[in-house]
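In: whatever this is, show me its structure:
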Amino acid sequence: MSRRRTPATQVSRRPKSLKPTQSRITTRRSGRGRARGSVGRKGGGRPLEREPDETLIAKAKRCCHCEADLNDGDQKLHSRYDKIEIPPVKPIVTRVERYAGHCPCCQGITLAPVPEGMDAGSPFSTNILALALYLRFTHAISYKRLSQLFLHLFALAISEGALDAMFQRAKPRFDDKVAAILARLRKSRVIYSDETSVRIDGKTCWNWVFQNKDVVIHVVRHSRATSVVTEVLNGHRPALWVSDLYGAQQGHADKWQVCLAHQLRNCQFAIEAGDMVFAPRMKAWLLRVCVLARRRNELAEATRRSYKRRFDNDLDKIMALAPENKHGRRLRKRYGKIRDSLLTFLDHPEIAPDNNSSERELRPTATYRKVTGGFRSNWGADLFAGIRSVVGTASRRGQNAFDAIRSTLGASPT
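Out: Prediction:
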């Protein structure tokens with residue numbers, strides 16, 4: 001006969017597989033009843049398509065219990081869901097037989113006109129070229145893998161040499177588009193800029209980006225000097241410039257906003273290197289500034305001026321410190337030189353206090369470099385920069401990368 005434990009003799013044992021924090025979380029959730037899914041995410045699955053291609057209606061003909069017949073009045077909708085399929089993709093080949101007419105009167109020859117896109121030359125259409133460019137320069141797929149992808153997924157054989165020739169023929173289209181974007185950049189009031197390394201034929205080069213809320217320009221150059229900025233701006237001097245502390249990025253605009261995100265990282269490095277006097281206080285000051293920057297557009301001009309005076313007074317106290325650590329002394333010397341450029345965004349709230357938007361534009365370049373190892377030729381690097389400029393500018397208008405490439409090549413909308 002089993003003996004039932006009294007409440008006093010019952011022992012609560014936590015499963016060994018659960019950590020203490022996990023146990024507490026499980027207990028708290030179980031106290032509320034049934035779990036409602038992960039925190040911060042509403043369940044429910046994929047929403048139904050608004051316009052399905054087909055609708056399958058399934059109704060029971062007879063009862064599965066007693067075999068009685070069921071009519072439409074006995075039916076009630078039980079569930080509604082979508083099943084999605086991709087049909088086999090096969091290229092469409094159009095044979096063009098073009099005739100030349102010989103005039104019996106003047107003996108002249110008249111070549112029959114053909115529809116747009118059906119001219120002699122490459123057998124591959126603009127849509128195929130756009131897809132190849134998209135996969136190559138947006139998803140960093142190598143020539144060999146790209147050739148295999150077309151063969152395996154689309155039953156279309158394209159050699160690596162044919163892909164290379166297609167890309168070279170497409171380059172002038174992107175050069176024209178980039179020229180139009182560059183003309184808009186040279187009229188911009190605000191410019192954010194940054195650079196990252198790339199490899200061309202085994203040599204280190206630099207991918208520069210110049211962007212704002214309307215346009216993006218990428219250029220790949222062998223130099224990291226000021227001459228690149230001078231070449232791109234071509235005499236234009238914007239009102240506001242946002243960048244890091246690299247020397248070639250300075251002195252190109254009337255006002256300069258230093259990237260505060262970089263300064264936070266530099267302060268953290270100094271703290272980890274042993275500075276307990278200057279860097280911790282400077283980091284706390286920068287964090288307060290960054291928190292305020294999130295609502296800079298909501299503040300009145302007088303409020304922003306008040307905050308700026310308060311931050312300046314606090315910075316005076318921080319600059320009065322005398323750190324002994326070399327990294328703290330280096331930071332103190334730096335901010336003594338550039339303190340006028342730390343709070344520019346409070347006078348001009350249309351700019352951000354960081355250069356994160358430029359870093360996001362350069363992230364695909366870093367991914368491409370790591371996946372492919374770089375470029376074999378200068379024209380390939382220039383084409384990459386052109387495509388990134390077109391895609392980045394199109395994203396400002398809500399257009400995706402593939403559609404931006406297709407429209408640049410002149411493809412008709414789907």
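
In: residues in contact with the helix or strand where Y368 lies?
Out: Taking DSSP states H and E as the definition, Y368 sits inside helix 356-372. If you take CB atoms under 8 Å, 6 or more residues apart in numbering as the criterion, helix 356-372 is touched by 137-138, 140, 142, 192-199, 207, 209, 211, 216, 218, 242-243, 259, 261, 384, 388, 392. (C-beta placed from N, C-alpha, C; glycine too.)

In: so which of those belong to strands?
Out: Residues from those lying in strands, with DSSP state E as the criterion: 192-199, 207, 209, 211, 216, 218, 242-243.

In: and the buried ones among the residues you listed, selectable in PyMOL?
Out: Buried members of the ones in strands among the contacts of helix 356-372 can be picked out in PyMOL with the line below, counting by 16 or more other CB atoms under 10 Å:
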select buried, resi 192+193+194+195+196+198+207+209+211+216+218+242+243
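
In: what about the lengthiest helix in the chain, distance to the chain center?
Out: Taking DSSP state H as the assignment, the helix of the chain that covers the most residues is helix 160-185. What separates the centre of helix 160-185 from the centre of its chain is 21 Å, taken as CA atoms, centre = their mean, to the nearest Å.

In: which stretches of the stretch 201-350 of the chain aren't confidently modelled?
Out: Filtered on pLDDT under 70, the stretch 201-350 of the chain yields no residues whatsoever.

In: quick one: the strands in it, in order.
Out: Under the criterion DSSP state E, counting those that start in this stretch, the stretch 201-350 of the chain contains strands at 203-211, 216-221, 240-243, 255-258.

In: how about K283, what does it touch?
Out: Residues in contact with K283 (CB under 8 Å, 6+ apart) are L264, C267, Q268, I271.

In: nearest spatial neighbour of the third one, chain-adjacent residues omitted?
Out: When the adjacent residues along the chain are set aside, Q268 lies closest to K283, with 6.5 Å between them (CB to CB, 6 or more residues apart in numbering).

In: from N313, how far out is the one you found?
Out: Going from K283 to N313 by CB to CB, to the nearest Å gives 18 Å.

In: likewise N212?
Out: N212 sits 32 Å away from N313 when distances are taken as CB to CB.

In: what's the answer for L70, then?
Out: Between L70 and N313 the distance, using CB to CB, works out to 82 Å.

In: between these two, which has more neighbouring residues?
Out: In this view L70 and N313 are compared by other CB atoms under 10 Å, and L70 has more residues nearby, 13 against 9.

In: confidence score at that one?
Out: The predicted local confidence for L70 comes out at a pLDDT of 89.

In: ok, now which ones touch it?
Out: Contact analysis of L70 by CB under 8 Å, 6+ apart lists K59, A60, K61, R62, C63.

In: just give the number of residues close to the closest residue to D214 other than its chain neighbours.
Out: Nearest non-adjacent residue to D214, counting by CB to CB, 6+ apart: R396, 5.8 Å away. For R396, the count of nearby residues is 13 (other CB under 10 Å).

In: again with I217
Out: Neighbour count for I217, taken as other CB under 10 Å: 26.

In: what are the structural domain limits within this structure?
Out: By the assignment in automatic domain parsing, the chain contains the domains 168-256+356-409, 260-347.

In: which of these sits most buried?
Out: Compared across these, domain 168-256+356-409 shows the largest average neighbour count, a mean of 18 (mean count of other CB atoms under 10 Å).

In: gap between that domain and the chain center?
Out: Here the centre of domain 168-256+356-409 is set off from its chain's centre by 14 Å, with CA atoms, centre = their mean.

In: what about it, how long is it end to end?
Out: Distances were taken as CA to CA, to the nearest Å; on that basis the terminal residues of domain 168-256+356-409 are 13 Å apart.

In: pLDDT at S412, what is it?
Out: 54.

In: K76 and K83: what is the separation?
Out: Distance from K76 to K83, by CB to CB: 21 Å.

In: what of N325?
Out: For N325, the distance to K83 under the criterion CB to CB works out to 65 Å.

In: over to C290?
Out: According to CB to CB, C290 stands 48 Å off from K83.

In: and what of Q107?
Out: When CB to CB is the yardstick, Q107 and K83 sit 65 Å from each other.

In: kindly report the same for G380.
Out: In this view, G380 and K83 are 42 Å apart by CB to CB.

In: which ones are touching the closest residue to Q263 other than its chain neighbours?
Out: The shortest distance from Q263 to any residue other than its chain neighbours is 5.7 Å, reached at L286 (CB to CB, 6+ apart). Contacts here follow CB under 8 Å, 6+ apart; on that basis L286 touches L260, Q263, L264, C267.
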